[in-house]
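J.: Just a sequence and a predicted model for now, questions to come.
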Amino acid sequence: MNPVRFRETRIVLKNIHHPHSERIETYLKAGGYQALEKVLKEMSPQEVIREVERSRLVGRGGAAFPTGLKWKFAREAKGIPKYVVCNADEGEPGTFKDRQILEKDPHLLLEGMAICGYAVGASQGSIYIRGEYFQAYRILKEALKEAEERRFLGKKILGKDFSFSISLYRGAGAYVCGEETALLDSLEGKKGYSRLKPPFPALEGFQNKPTVLNNVETLANIPDIILKGAQWFLKIGHHMTPGTKIYCLSGDIRKAGYYELPTGIRLKRLLLDYGKGVRGELKAILPGGVSSSFLTRNDLSVTLDWPSVAQQGSSLGSGAMIILNDTHCMVDIAKRCAQFFAHESCGKCTPCREGTKRAKEILTNISLGKGGSSDLKLLCELREVMYDTSQCGLGQVALDAIKSAIGKFQDEFEEHIRGKRCPFGICPLNKESS
């Protein structure tokens with residue numbers, strides 16, 4: 001591997017270290033809004049979509065769906081008005097990448113949304129922002145005012161026959177609203193319940209009209225793709241999913257933080273070169289937050305792109321890398337994952353509502369020394385049922401980390417069940433659960 005290829009390469013984070021990077025004057029000095037000016041003066045909406053399609057940009061929020069294809073579906077869908085919605089909810093544990101863009105380079109997002117609006121024929125956009133992001137909300141509100149005053153948003157943008165405005169909507173702390181259809185229901189003022197698909201949002205989304213719903217990091221890639229071209233983007237990172245990815249390192253890592261690197265860097269290089277190594281001995285990694293499956297030290301050679309991580313039985317997701325050393329009990333970790341999903345399930349569909357609750361009960365019993373010999377098989381069967389029958393992605397992946405923990409650390413679970421002891425002294429064996 002050529003190490004130069006995997007040096008930190010900043011596309012979406014290129015401006016964040018400039019003084020006053022959140023202000024429009026700073027953004028304009030760095031070449032901001034030139035891409036929007038280019039598409040309005042030189043490109044048709046169809047040409048914009050084709051350029052995004054050629055770039056092979058995939059969604060950076062987790063699902064990795066081709067961005068240009070989503071825009072094409074919305075452009076060609078029947079029904080008006082059309083909408084652009086930015087998912088800035090960022091509720092996945094271990095993820096803090098979008099916050100950097102929202103707080104330090106908000107105009108990059110606004111420009112990406114405006115270009116998307118032009119491409120798909122939308123005049124209205126919305127940013128659904130995580131309710132706890134108070135500072136990001138304040139900064140975005142000011143950025144919207146600045147963009148409107150400079151005529152980069154609003155009526156007749158830059159004097160052209162294109163109008164596009166953006167509104168802000170604050171979420172209320174529900175993890176399930178990171179799922180696109182639950183987000184849309186919340187945006188409409190309803191409880192955040194997921195919808196049955198199809199139809200997909202590109203055809204029937206906000207107010208049942210064609211809607212493009214993209215993540216913050218995804219939209220932040222658009223201005224540079226337009227200015228520099230798809231061929232430039234294709235030369236960066238992994239050939240199947242080119243470009244960069246922001247990886248968030250947390251847990252038992254010496255240098256926690258966020259790093260924008262070309263897709264395809266090996267996991268080992270990310271941990272050593274950027275995370276500066278693990279504190280203690282590496283035990284397990286969740287590469288895409290708690291909704292992914294565990295990798296171990298045997299997987300350090302995997303390249304960090306969506307297809308390669310999927311081949312290892314896990315998911316890159318949003319790039320939330322949670323690193324665990326060998327002081328952790330995997331029964332305790334699995335129980336914590338189950339508790340999280342049981343708390344965050346919206347309760348609409350029975351498999352997720354009851355399945356997450358049952359998984360929590362089983363793992364709590366195991367941690368108390370009350371587990372039975374059939375519990376591990378039952379948890380794995382429960383995962384398969386939930387994956388096949390849950391209405392949305394939350395229920396489908398809720399037990400992925402648990403199933404992989406059982407598969408890769410079964411001896412620890414057996415020690416709790418048969419030996420009635422926790423090798424790490426963490427689980428409250430034979431005591432009442434707190």
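T.: All right, it came through fine.

J.: top helix in the protein by residue count?
T.: Looking across the chain with DSSP state H, the single longest helix is helix 350-367.

J.: now the following helix or strand past that helix: how far from the chain's centre is it?
T.: Reading on from helix 350-367 to the C-terminus, the next helix or strand found by DSSP states H and E is helix 375-389. For helix 375-389, the gap between its own C-alpha mean and the chain's C-alpha mean amounts to 25 Å (C-alpha atoms, centre = their mean, to the nearest Å).

J.: tilt between helix 375-389 and helix 350-367?
T.: Relative orientation of helix 375-389 versus helix 350-367 (axes from the mean of the first three to the mean of the last three C-alpha atoms, to 10 degrees): 160 degrees.

J.: And helix 375-389, what's buried?
T.: Across helix 375-389, burial judged by 16 or more other C-beta atoms under 10 Å covers 375-376, 379, 382-383, 386-387. Yep, even glycine has a C-beta here, placed from its N, CA and C like the rest.

J.: Can you give the contact residues for the helix or strand that that helix is followed by?
T.: Following helix 375-389 in sequence order, the next helix or strand is helix 393-397 (DSSP H and E). Around helix 393-397, the neighbours that count as contacts under C-beta atoms under 8 Å, 6 or more residues apart in numbering are 63, 175-176, 179, 194, 291-292, 315, 341, 344-346, 349, 351-352, 355-356, 386-387, 389-390.

J.: Let me know the average pLDDT across helix 393-397.
T.: Computed over helix 393-397, the mean pLDDT rounds to 94.

J.: Next secondary structure after it?
T.: helix 400-408.

J.: distance of the residue lying closest to Gly371 once chain neighbours are set aside from Ala405?
T.: The shortest distance from Gly371 to any non-neighbouring residue, by C-beta to C-beta, 6 or more residues apart in numbering, is to Ile417 (4.2 Å). Distance, Ile417 to Ala405, by C-beta to C-beta, to the nearest Å: 14 Å.

J.: which of these two has more neighbours?
T.: Ala405 (25 against 19; other C-beta atoms under 10 Å).

J.: isn't that one right up against Phe294?
T.: Yes: applying C-beta atoms under 8 Å, one finds Ala405 in contact with Phe294, separated by 5.7 Å.

J.: ok so, going back, give the buried residues for the longest helix of the chain.
T.: Neighbour counts over helix 350-367 (16+ other C-beta under 10 Å) mark 351-353, 355-360, 362-367 as buried.

J.: go on, stretch 140-159?
T.: Buried, per 16+ other C-beta under 10 Å, within stretch 140-159: 140, 143-144, 146-148, 150, 152-153, 157.

J.: so which of the residues you listed comes closest to Gly32?
T.: Phe152 (8.7 Å; C-beta to C-beta).

J.: what's across from Ile166 in the sheet?
T.: Per DSSP bridges, the residues bridged to Ile166 are Gly125.

J.: Count the residues that sit near it.
T.: Ile166 has 22 neighbouring residues, counting by other C-beta under 10 Å.

J.: any idea how far it lies from Met113?
T.: For Ile166 relative to Met113 (C-beta to C-beta), the value is 6 Å.
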